[in-house]
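J.: Only the shape, not the letters, is given here:
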């Protein structure tokens, strides 16, 4: 299986650790698969903001990991990145934030009012 470069900022890493625990690699893999499956099902997740390309040079601390993913997941993310005009590492980072937002939404919407 191919390896993908994923860049996580402090915000994403802390979100993973607070919602999903310390296995950051497993959480990122789940996020990439979730984003890819949403695309495949015709339910495109929130598109990356236009300024996402600018975030790489913002000086904030980042962690880079190479993560092995299924070929169909990588192909799906590559197509979406090309469609959005950004790099695959940027769509991968975005997919993590979308995944965390969806998990947070599900957790808060299931709480009694």
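T.: Sure thing, it's come through. Just so we're clear, the structure is a prediction, and the values are computed from it rather than from any experiment. Residues are numbered from 1 along each chain as shown.
J.: so which helix or strand takes in residue 5?
T.: For residue 5, the host element (DSSP states H and E) is strand 3-9.
J.: Just checking: what are the partner strands of that strand?
T.: Its sheet considered, strand 3-9 pairs with strand 62-68 (antiparallel) by DSSP bridges.
J.: Pull out the buried residues from the helix or strand just after the partner strand.
T.: The C-terminal neighbour of strand 62-68 among helices and strands, as given by DSSP H and E, is helix 71-84. Residues 73-74, 76-77, 80-81, 84 are the ones in helix 71-84 that count as buried (16 or more other C-beta atoms under 10 Å). In this view, the C-beta of every residue, glycine as well, is placed from N, C-alpha and C.
J.: Make TSV out of those and add pLDDT and distance to residue 107.
T.: Shown next, in TSV, are those (pLDDT from 0 to 100; distance: C-beta to C-beta, whole Å):
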residue	pLDDT	distance to residue 107
73	95	25
74	94	29
76	94	26
77	94	25
80	92	26
81	92	28
84	88	28
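J.: Can you tell me which of those is nearest residue 6?
T.: Taking C-beta to C-beta as the measure, residue 6 lies nearest residue 77 of these, at 10.2 Å.
J.: give me phi/psi at residue 43?
T.: Main-chain dihedrals, residue 43, degrees, to the nearest 10: phi -110, psi 70.
J.: what about this structure, any weak spots by pLDDT?
T.: 1-2, 50-61, 110-113 (pLDDT under 70).
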